[in-house]
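Asker: prediction below, plus the sequence it came from.
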Amino acid sequence: MPGPGRCVAMPREQAASPRASVDMETPTPAAGIEPQTARDVADAFIDEVRAGENWFLALLQAVSVWPAPQEEWNGRRYEYLIAGEAFDWLVLAERLISAAGDLIPHQEACRLLFLGKAPVHINAELFRTTIGPTRHAAHLNFLYGVTVEEALQQANIEEVAKAQQNLGAREGYIEDEAMRRLYDAPLTDLRREFRLSTGRSRRVPARTSLDEHKAFAYWLFKRRMSKSDPARLASDTRKGLLLLERLKPADWQWAPGHAE
């Protein structure tokens, strides 16, 4: 599912090098303005929508100044920033939409959160400038390090399954073989390595949370980046991109170079 470097716009067949850690806790307010809390930003977003501002544009403005990399709110833990580098802005969008309640049209919210489709036309450059370069770079870390990485894994699983379709291979074998091809180790070993290297318990839980699943994907992305030669990185990344663009094309409206 993951060497630090700087995350910039790139040709689609190249992989992104993750940008250095993102500090979402250090706001840069104008002189004399107190730093905002997460509650301040959420309340301001709700006020903007009530005043008639387009909810999606108001949401992006809130994203641009959001101060917390994670949060406990309304009985749930929200992880917005993975490994200090990869920004899952749609999780933040979900939290803000939940706070606004009935102010947000239900169908529009669902299309954004589940399909990645904005309720208004917005091109990649406007998205970048609205949320700001730091958060946008972290968004690209998530896009390539989690979304594309998971698509690459799925593409490899499909390749192995196709090759084994007449041999009666078990599902566990197919997934392990796909992981070996990508990361030179079976899934169980990779999970143990991930948990040890990130300070988690050695014991792999029977069920993995969505937050840990994303963190694992990003860790695998960085592991693959550190161990693969440039030609293989480009080939693997292109494979993931091709599957992603076929299955979830809406994700690319947030990426530089996407056709408007």
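Answerer: That came through fine.
Asker: hey, where'd the strands end up in this structure?
Answerer: Here the chain has its strands, by DSSP state E, at 70-73, 76-79, 81-82, 86-87.
Asker: got the ones you listed as a markdown table, with mean pLDDT and mean neighbour count columns?
Answerer: For glycine as for every other residue, the C-beta is placed from the backbone atoms N, C-alpha and C. Putting the strands of the chain into a markdown table (pLDDT from 0 to 100; neighbours: other Cβ atoms under 10 Å) gives the following:
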| stretch | mean pLDDT | mean neighbour count |
| --- | --- | --- |
| strand 70-73 | 96 | 14 |
| strand 76-79 | 96 | 14 |
| strand 81-82 | 97 | 25 |
| strand 86-87 | 97 | 28 |
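Asker: just put those in TSV and tack on distance to Gly116.
Answerer: Converted to TSV, the strands of the chain look like this (distance: least, Cβ to Cβ, whole Å):
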stretch	distance to Gly116
strand 70-73	22
strand 76-79	18
strand 81-82	18
strand 86-87	15
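Asker: quick one: closest of these to Arg246.
Answerer: strand 86-87 (23.0 Å; Cβ to Cβ).
Asker: centre-most residue in this protein?
Answerer: Ranked by distance to the mean C-alpha position of the chain (Cα atoms, centre = their mean), the top residue is Phe142 at 3.3 Å.
Asker: tell me the contacts of Gln107?
Answerer: Taking Cβ atoms under 8 Å, 6 or more residues apart in numbering as the definition of contact, Gln107 has no neighbours.
Asker: and the pLDDT at it?
Answerer: Gln107 is assigned a predicted lDDT (pLDDT) of 97.
Asker: roughly how far apart are it and Trp73?
Answerer: Using Cβ to Cβ, to the nearest Å, Gln107 is found at 24 Å from Trp73.
Asker: rewinding a little: can you say which of the strands of the chain is nearest to Leu190?
Answerer: For those, the distance to Leu190 is smallest for strand 81-82, at 16.8 Å, taking Cβ to Cβ.
Asker: partners of the closest one in the sheet?
Answerer: Counting by DSSP bridges, the strands paired with strand 81-82 are strand 86-87 (antiparallel).
Asker: now find how far off-centre the partner strand is within its chain.
Answerer: Computed by Cα atoms, centre = their mean, to the nearest Å, the chain-centroid distance of strand 86-87 equals 6 Å.
Asker: cool, stretch 207-222 as well?
Answerer: Centroid displacement of stretch 207-222 relative to its chain, using Cα atoms, centre = their mean, is 10 Å.
Asker: convert the C-alpha atoms of that stretch to PDB, please.
Answerer: Coordinates of the C-alpha atoms in stretch 207-222 are reproduced here as PDB (Å, rounded to 0.1, in the frame of the first residue of the first chain):
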ATOM      1  CA  ARG A 207      -9.100  -6.900  12.000                       C
ATOM      2  CA  THR A 208      -7.200  -3.800  10.800                       C
ATOM      3  CA  SER A 209      -8.700  -0.300  11.100                       C
ATOM      4  CA  LEU A 210      -9.100   1.900   8.100                       C
ATOM      5  CA  ASP A 211      -6.500   4.300   9.500                       C
ATOM      6  CA  GLU A 212      -3.900   1.600  10.000                       C
ATOM      7  CA  HIS A 213      -4.700   0.200   6.500                       C
ATOM      8  CA  LYS A 214      -3.900   3.600   5.000                       C
ATOM      9  CA  ALA A 215      -0.700   3.900   7.100                       C
ATOM     10  CA  PHE A 216       0.400   0.500   6.000                       C
ATOM     11  CA  ALA A 217      -0.200   1.400   2.300                       C
ATOM     12  CA  TYR A 218       1.900   4.600   2.800                       C
ATOM     13  CA  TRP A 219       4.700   2.700   4.600                       C
ATOM     14  CA  LEU A 220       4.800   0.100   1.800                       C
ATOM     15  CA  PHE A 221       5.000   2.900  -0.800                       C
ATOM     16  CA  LYS A 222       8.000   4.400   1.000                       C
END
